[in-house]
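>>> What shape does this take:
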Amino acid sequence: MKQSYCTSKRFTSEDVELYAKLTGDYNPIHFDPEFAKNTIFGKPIVHGPLVLTFVTTLFAHELPGPGTVYLAHDVKYLKPVFIDEEITATLTVIEVTDKQHILIETVCKNASGENVITGIARLKKM
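I've put the predicted structure just below:
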């Protein structure tokens, strides 16, 4: 098994719209520039859980890979992700147990190198 994996993605306004359609989360902080201008962010932001789906997709396809079951994730949302901002996700294996449980550190950074989401995920490889 790979010990780490890193890749990048941009979240577009279309991604945000599709996520809202699936979840029903139409909070104006994600869609209304006038509303967002008057918040601490100053402009619309991507839904935090949408960014996290970038990480969970990597669990299924890259590390540990197909057959992975997502059991738990201690996540910290540290900074906003803005629409069309490139985010780099790095997954690093920190422990593999004899019961096929895998602990993976997850770190998402913005283009400035700042952590936007961090966490430790517990997975099971089937």
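>>> Tell me which residues touch V46, please.
11, 15-16, 30, 80-83, 85 (Cβ atoms under 8 Å, 6 or more residues apart in numbering). In this view, the C-beta of every residue, glycine as well, is placed from N, C-alpha and C.
>>> swap that for L58, please
Here L58 is in contact with 5, 7, 89, 91 (Cβ under 8 Å, 6+ apart).
>>> Determine the set of other helices and strands touching the one helix or strand A72 maps to.
Following DSSP states H and E, the helix or strand that holds A72 is strand 68-77. On a contact count with 3 or more Cβ pairs under 8 Å, 6 or more residues apart in numbering; DSSP states H and E, strand 68-77 meets helix 48-61, strand 101-109, strand 115-125.
>>> Turn these into a markdown table, including mean pLDDT and distance to A20.
What follows is the helices and strands packed on strand 68-77, written out as a markdown table (pLDDT from 0 to 100; distance: least, Cβ to Cβ, whole Å):
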| stretch | mean pLDDT | distance to A20 |
| --- | --- | --- |
| helix 48-61 | 95 | 9 |
| strand 101-109 | 96 | 20 |
| strand 115-125 | 96 | 19 |
